[in-house]
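A.B. asks: Here is my input, please return the structure:
(one chain, ligands or ions: 1)
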Amino acid sequence: MKVLVTGGCGFIGSAVCRHLVLDLGHSVVNIDKMTYAASEGSTAMLAGHPNYRFHRLDIAEREAVAAIMASEAVDAVMHLAAESHVDRSIDAPAAFVETNIVGSFALLQAARAYHASLPEPRRSAFRFHHVSTDEVYGEMPLEGGRFSEEHPFRPSSPYAASKAAADHLAMAWHHTYGLPVVLSHGSNTYGPWQFPEKLIALMILNGLEGRRLPVYGTGENVRDWLHVEDHARALACVLSRGRPGQAYNIGGGNERSNLEVVETIADVLDEMRPSPLGPRRLLITFVGDRPGHDLRYAVDAGKAESELGWRAQQDFNTGLRGTIAWYLDNEAWWRPLRGRGEA
Ligand code: NAD
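C.D. replies: Numbering: from 1, shown residues only. Predicted coordinates:
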């Protein structure tokens, strides 16, 4: 299978490219605009591979994207390109509307025309996978249940609203134009190669450098943590086995409060790289809460497990220790990214 991956130089996209090419033997054509969040290092092991090609391109450039779909004769699109950081969406939402909504619209239009031009049986086998987030469902109370795929969207942040908008567009392109769309709603993802603005990567590096560990509000907000390799495997399953017109929740089954996560990182860092300044828990600083901060996200991944045969394999404690060890070993990768993209 030849897959057009958008955003393949980002955190999850690069894991998807590596998984498709190196584990599954598929071919990948990666389109990435190379924003501040992109990294060449995360796909460096694929450079020169006969099954991998890269194009630096904005998904909003519809004609150029359409030309690549046709010349590469792709069998599927996995759409991960996005502005992805909630805090940035609060400070500067325009880029989120541009890429996540308008860019997704351009990509859907290109895919729709390309799909219509395909002969059978390639036409029926074609898939457009929009990679989305559990944040589209909004907040679940601490003692509430977990979101099923039937739950209505109630996005709180500009980021979540832009992803929900793109989900609606993708499903409308399925219902109206017959584009074979599959959706996935992944939970908070962590692991190697994550840009150091996201909670876990930021706390590891701040803790390592003896900087303060800022925690929003009281740190009670709960997220369900999913290892990036589990997420990448799930996305490949959604693409190959998901039914067109269906959405699949992807969760790690690892609910933790932000404070628990930060405390665990501090403790593991103390053990792996003791600091002369004392226990890193002392670096934890509570800061004013993020506006509209959802208290809890939790998805029920039962549908992906029963229909797709996928199950998260990484236990959070093991996955987190592995991630911390990876950042300790890969300073040459993250050092140049510290502060990149900040005004
Ligand atoms: P990321 O910010 O690490 O990477 C995004 C990539 O998209 C970057 O390489 C960037 O250069 C590229 N990009 C941005 N705008 C582009 C454009 N206009 N054209 C082409 N490329 C563009 O994001 P991530 O964390 O890897 O997330 C990937 C996808 O998964 C996103 O759609 C996100 O909404 C979704 N998701 C993320 C998480 C998470 O916890 N990180 C969880 C669930 C779903």
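A.B. asks: okay, CA-based contacts and neighbour counts for the rest of this
C.D. replies: OK.
A.B. asks: Shouldn't H55 be within a strand?
C.D. replies: Yes. Looking at H55 with DSSP: H, G, I helix; E, B strand; the rest coil, it is inside a strand.
A.B. asks: mind checking pLDDT for it?
C.D. replies: pLDDT for H55: 98.
A.B. asks: start to end distance for stretch 56-70?
C.D. replies: 17 Å (Cα to Cα, to the nearest Å).
A.B. asks: tell me which residues in that stretch are buried?
C.D. replies: Within stretch 56-70, the residues that count as buried by 16 or more other Cα atoms under 10 Å are L57, D58, I59, A60, R62, V65, A66, I68, M69.
A.B. asks: Then stretch 307-314?
C.D. replies: Within stretch 307-314, the residues that qualify as buried are L308, W310, R311, A312, Q314, counting by 16+ other Cα under 10 Å.
A.B. asks: Of all pairs in these, which one is the farthest apart?
C.D. replies: Spatial extent of the buried residues of stretch 307-314 (Cα to Cα) is set by the pair L308 and Q314 at 17.6 Å.
A.B. asks: Dump stretch 22-37 to PDB, keeping only the CA atoms.
C.D. replies: Presented in PDB, the C-alpha positions along stretch 22-37 are these (Å, rounded to 0.1, in the frame of the first residue of the first chain):
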ATOM      1  CA  LEU A  22       9.900  -0.100   8.700                       C
ATOM      2  CA  ASP A  23       7.400  -2.400  10.400                       C
ATOM      3  CA  LEU A  24       4.700  -3.000   7.900                       C
ATOM      4  CA  GLY A  25       6.600  -2.600   4.600                       C
ATOM      5  CA  HIS A  26       4.300   0.000   3.100                       C
ATOM      6  CA  SER A  27       5.400   3.000   1.000                       C
ATOM      7  CA  VAL A  28       5.000   6.500   2.400                       C
ATOM      8  CA  VAL A  29       4.800   9.900   0.700                       C
ATOM      9  CA  ASN A  30       5.200  12.500   3.500                       C
ATOM     10  CA  ILE A  31       3.900  16.000   3.000                       C
ATOM     11  CA  ASP A  32       4.900  18.400   5.700                       C
ATOM     12  CA  LYS A  33       5.100  22.200   5.800                       C
ATOM     13  CA  MET A  34       7.900  22.100   8.400                       C
ATOM     14  CA  THR A  35       6.500  24.400  10.900                       C
ATOM     15  CA  TYR A  36       8.300  25.100  14.200                       C
ATOM     16  CA  ALA A  37       6.900  21.700  15.500                       C
END
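A.B. asks: okay, the buried residues of stretch 56-70 in CSV with secondary structure next?
C.D. replies: CSV is the format used below for the buried residues of stretch 56-70 (three-state DSSP):
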residue, secondary structure
L57, coil
D58, coil
I59, coil
A60, coil
R62, helix
V65, helix
A66, helix
I68, helix
M69, helix
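A.B. asks: roughly how far out does the helix ranked longest in the chain sit from the chain middle?
C.D. replies: Longest helix in the chain, counting residues (DSSP state H): helix 158-177. Put simply, helix 158-177 sits 16 Å off its chain's centre (Cα atoms, centre = their mean, to the nearest Å).
A.B. asks: Show me what it packs onto, helices and strands only.
C.D. replies: helix 86-91, helix 94-96, helix 104-117, strand 127-133, strand 181-186 (3 or more Cα pairs under 8 Å, 6 or more residues apart in numbering; DSSP states H and E).
A.B. asks: nearest to R212, of those?
C.D. replies: Closest among the helices and strands packed on helix 158-177, once you apply Cα to Cα, is helix 86-91, at 18.0 Å.
A.B. asks: Give me the contacts around the closest one.
C.D. replies: A95, F96, S157, P158, Y159, A160, R290 (Cα atoms under 8 Å, 6 or more residues apart in numbering).
A.B. asks: Now the buried members of those.
C.D. replies: For those, buried by 16+ other Cα under 10 Å: A95, F96, S157, P158, Y159, A160.
A.B. asks: Roughly how far does the residue lying closest to the first one once chain neighbours are set aside sit from the ligand?
C.D. replies: Counting by Cα to Cα, 6 or more residues apart in numbering, the nearest residue to A95 once its immediate chain neighbours are dropped is E83, at 7.0 Å. Counting by Cα to the nearest ligand atom, to the nearest Å, the gap between E83 and the ligand amounts to 5 Å.
A.B. asks: Likewise for D289?
C.D. replies: From D289 to the ligand the distance is 19 Å (Cα to the nearest ligand atom).
A.B. asks: That residue and G217 touch, don't they?
C.D. replies: Yes. Here D289 reaches G217: they are 4.4 Å apart, a contact under Cα atoms under 8 Å.
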